[in-house]
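Asker: here's my sequence, what's the structure:
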Amino acid sequence: MPWYGDRRVWWQVHQWVGFKLSLVLAFILFTGTLAVLSHEIDWLLQPSLRVAPSSVEGEPRWERIATSAAEYPRTKEILSIGEPIASAFAARVMVVFDDGAYGFLHVHPTTGMVQGEGVWWGAQRVLRNMHRHLNLPTKIGVPLVSALALLMLVSVATSFVVYKGWWRGFFKPVRTAKPRSLWGDLHRLLGVWSLWFLLLIAVTSVWYLVESLGGEAPAPPSATLAAKGDAGEASLEAGARLAASLAAVRRADPGLEIEMIVFPSERSGALVFQGQRSAWLVRPRANATWVDPTTADVLLRTDARDMGVHQRISEMADPLHFGDFGGYWTKIPWFLFGLALTFLAVSGCAIYAIRLADRAKVSIGWRGGWRAAWQGMGRWRWVSMAMIVVGLVMLPVAVVQAGAI
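Answerer: Below you'll find the predicted structure:
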């Protein structure tokens, strides 16, 4: 029998790709899982981000939010306004404070009252950066993390060979008599149920790898409007005059459901209203209306339906990867299946340790089992630990750098 027809070979491959780097893979999967609900974690940790849903009336009053942010004593520059994540959330205004630090203002979406300040490095930022690039420079961190998706794809492919009749495992009962059967059955059960999700996460991650290596799609069209004077002053003036620009957008683009407003910066003097129209599964930036904040003239309208295939794939990657395109109807399943993938990475270690114990015909216990798994990873355990430690060590460095801007 040729080597490629031997199930033992494929089992060794499956075990290697799922075990040797299981520590860092579990870390990336877990931080990504938490990132799905990172805004909600910020909501729990930052009281000023909360509003009573009964006090919210209709869509955000963008002009009130902008005026309050522009008049706030500590605001030096307004960068953007994001709509509330849900009915119990305040709107978040990204600003540069007078001391040069980045941060947020939490503003009631109806009254426009500033409820408090939010830190730049909240849960959303910490988990996003840790999951995406381990707080390393993106040119290094993104391809390093995204390359782990190749291991995930190999693991999926080999599982079809290793587990014969895998399709019968959807409703197969879990045996609890022995640790090996318990962990093995749980691993297979969660594996078959989360197969679609594992493929989705792996494929979108491979796309991020392609983008990081130079295969990014062309950027959406943008209007040419030179920045006028100091960016901070221009953004504050745009905030004070937002009502006129908003009215112009409503007339020219009534179908645009605004999710984000990007303010004038050093690179562009335009106000950019981003959101959703009829195109499905795209980031807000794919649909935008550009306005001159001084004259309230509409400069450009972009529509995701006009994009090429390459651009549409790029715009779909984030919504599919994080599951935020359907509100909590998609975010909660994405969170639960993310926990399942994390368990798959951990349970693979447990299965390996139990196999070692069975071969030696001894009972090594939990502590001895994890010690055996740790040793079984060989030199690769240090690669995993180095990546995790780098991500944790670089976090305070990134926080200090953001506070010094």
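Asker: next, Leu339: secondary structure please.
Answerer: helix (DSSP: H, G, I helix; E, B strand; the rest coil).
Asker: give me the three-state assignment for Trp196.
Answerer: Going by three-state DSSP: Trp196 is helix.
Asker: Gly103 and Leu320, how far apart?
Answerer: 30 Å (C-beta to C-beta, to the nearest Å). Just so you know, the C-beta spots here come from the backbone N, C-alpha and C atoms, and that holds for glycine as well.
Asker: and the helix or strand where Asn129 lies, what does it pack onto?
Answerer: When secondary structure is defined by DSSP states H and E, Asn129 falls within helix 123-133. Packing partners of helix 123-133 (3 or more C-beta pairs under 8 Å, 6 or more residues apart in numbering; DSSP states H and E): helix 22-36, helix 38-45, helix 138-146, helix 380-403.
Asker: quick one: the third one to chain centroid distance?
Answerer: Which is helix 138-146. Taking C-alpha atoms, centre = their mean, to the nearest Å, the mean C-alpha location of helix 138-146 is offset from the chain mean by 14 Å.
Asker: name the helices or strands packed onto whichever helix or strand comes after that helix?
Answerer: Once helix 138-146 ends, the next helix or strand along the chain (criterion: DSSP H and E) is helix 148-162. Other elements packing on helix 148-162 under the criterion 3+ C-beta pairs under 8 Å, 6+ apart are helix 7-19, helix 22-36, helix 195-210.
Asker: just those helices: most buried one?
Answerer: Compared across the helices and strands packed on helix 148-162, helix 22-36 shows the largest average neighbour count, a mean of 23 (mean count of other C-beta atoms under 10 Å).
Asker: tell me the angle of that helix relative to helix 123-133?
Answerer: 140 degrees (axes from the mean of the first three to the mean of the last three C-alpha atoms, to 10 degrees).
Asker: which parts of the stretch 251-400 of the chain are helices?
Answerer: In the stretch 251-400 of the chain, the helices defined using DSSP state H, counting those that start in this stretch lie at 309-322, 328-360, 365-376, 380-403.
Asker: ok, back up a step: ok, and what's touching the helix holding Asn129?
Answerer: 28, 31-32, 34-35, 38-39, 41-42, 45, 135, 138, 140-142, 144-145, 391, 395, 398 (C-beta atoms under 8 Å, 6 or more residues apart in numbering).
Asker: now do that helix, average pLDDT.
Answerer: In this model, helix 123-133 carries a mean pLDDT of 94.
Asker: counting neighbours, which bits of it end up buried?
Answerer: Across helix 123-133, burial judged by 16 or more other C-beta atoms under 10 Å covers 123-133.
Asker: so of the helices and strands packed on helix 123-133, which one's packed in deepest?
Answerer: helix 22-36 (a mean of 23).
Asker: and that helix, what does it pack against?
Answerer: Secondary-structure packing of helix 22-36 (3+ C-beta pairs under 8 Å, 6+ apart): helix 123-133, helix 148-162, helix 309-322, helix 328-360, helix 380-403.
Asker: and those: which comes nearest Arg277?
Answerer: helix 309-322 (12.6 Å; C-beta to C-beta).
Asker: buried set for stretch 250-261?
Answerer: 253, 256, 258-261.
Asker: widest-spaced pair of the residues you listed?
Answerer: Asp253 and Met260 (14.3 Å).
Asker: gap between Glu237 and Pro264?
Answerer: Distance from Glu237 to Pro264, by C-beta to C-beta: 8 Å.
Asker: ignore what I typed, I meant Met307.
Answerer: Taking C-beta to C-beta, one finds Met307 at 25 Å from Pro264.
Asker: which one's more surrounded, these two?
Answerer: Pro264 (29 against 21; other C-beta atoms under 10 Å).
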